[in-house]
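A.B. asks: The following comprises the amino acid sequence and a computationally predicted model.
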Amino acid sequence: MNDLAREIVDFASQPDRPSQFALVVSASARFDFRNEQLDHSEAMIVHAPIEQGKPVLHIISYEPYYSFKYNASGNIDGAAACVYGFLTKTSGDYIRLVGFSEDVDGLLRSPAISEWNISLNRSGEPEAMIKRLQMLKQILKTLLVM
């Protein structure tokens, strides 16, 4: 690779860093985040670190445990579909933006910076499902600009 090409690649990539914020996706707005016995099956965490110079949407569910990483630049649709599936499985409608922490219980108990209720599009109509997916993609993008 010549020097100019290497300089362009270096300029375009970002330094690796952890997320500053996370989305807590939950089954209910009444989910008691201050409870001593947190039910992790009721929540999913989404955060957006920079890894190998690229933004990644990292989705974590704890019961059952799974972890997915999506290229935020090229596969935000896949990440939105994963969150959509969790919301459908749990009959959930609530998403909270919080400060990111590696401590899951602390993260779940964090006060919300912002909240979204996306229950308005729960019908089985294809147009409503597409609109709900579009809303999810916009919410996921909030992690990428911070």
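C.D. replies: Okay, I see it.
A.B. asks: Which strand or helix spans the residue nearest the centre of the chain?
C.D. replies: Nearest to the geometric centre of the chain sits residue 46, at 2.8 Å (C-alpha atoms, centre = their mean). For residue 46, the enclosing helix or strand under DSSP states H and E is strand 43-47.
A.B. asks: Show me what that strand is packed up against.
C.D. replies: Using 3 or more C-beta pairs under 8 Å, 6 or more residues apart in numbering; DSSP states H and E, the elements in contact with strand 43-47 are strand 21-26, strand 54-62, helix 76-90, helix 104-109. In short, each C-beta sits where N, CA and C put it, glycine included.
A.B. asks: Next secondary structure element downstream of the last one?
C.D. replies: This points to helix 104-109. Per DSSP H and E, the first helix or strand lying C-terminal to helix 104-109 is strand 114-117.
A.B. asks: Please apply the same query to the third one.
C.D. replies: Counting by DSSP H and E, the element after helix 76-90 in chain order, helix or strand, is strand 94-99.
A.B. asks: Hmm, residue 59 is touching residue 81, no?
C.D. replies: No - the pair residue 59 and residue 81 does not pass the contact test of C-beta atoms under 8 Å, sitting 10.5 Å apart.
A.B. asks: between those two, who's got more neighbours?
C.D. replies: When residue 59 and residue 81 are compared for neighbours, residue 59 comes out ahead with 22 against 15, by other C-beta atoms under 10 Å.
A.B. asks: Find the nearest non-adjacent residue to the more buried one, please.
C.D. replies: Leaving aside its sequence neighbours, residue 59 sits nearest to residue 68 (C-beta to C-beta, 6 or more residues apart in numbering; 4.7 Å).
A.B. asks: SS state for that neighbour?
C.D. replies: Under DSSP: H, G, I helix; E, B strand; the rest coil, residue 68 falls in the strand class.
A.B. asks: tally of neighbours for it?
C.D. replies: Residue 68: 14 surrounding residues under other C-beta under 10 Å.
A.B. asks: Show me the shaky parts of this protein.
C.D. replies: 1, 6-12, 27-41, 120-124, 146 (pLDDT under 70).
A.B. asks: who does residue 115 bridge with?
C.D. replies: Beta-bridge pairing of residue 115 under DSSP bridges involves residue 96.
A.B. asks: Great, nothing more from me.
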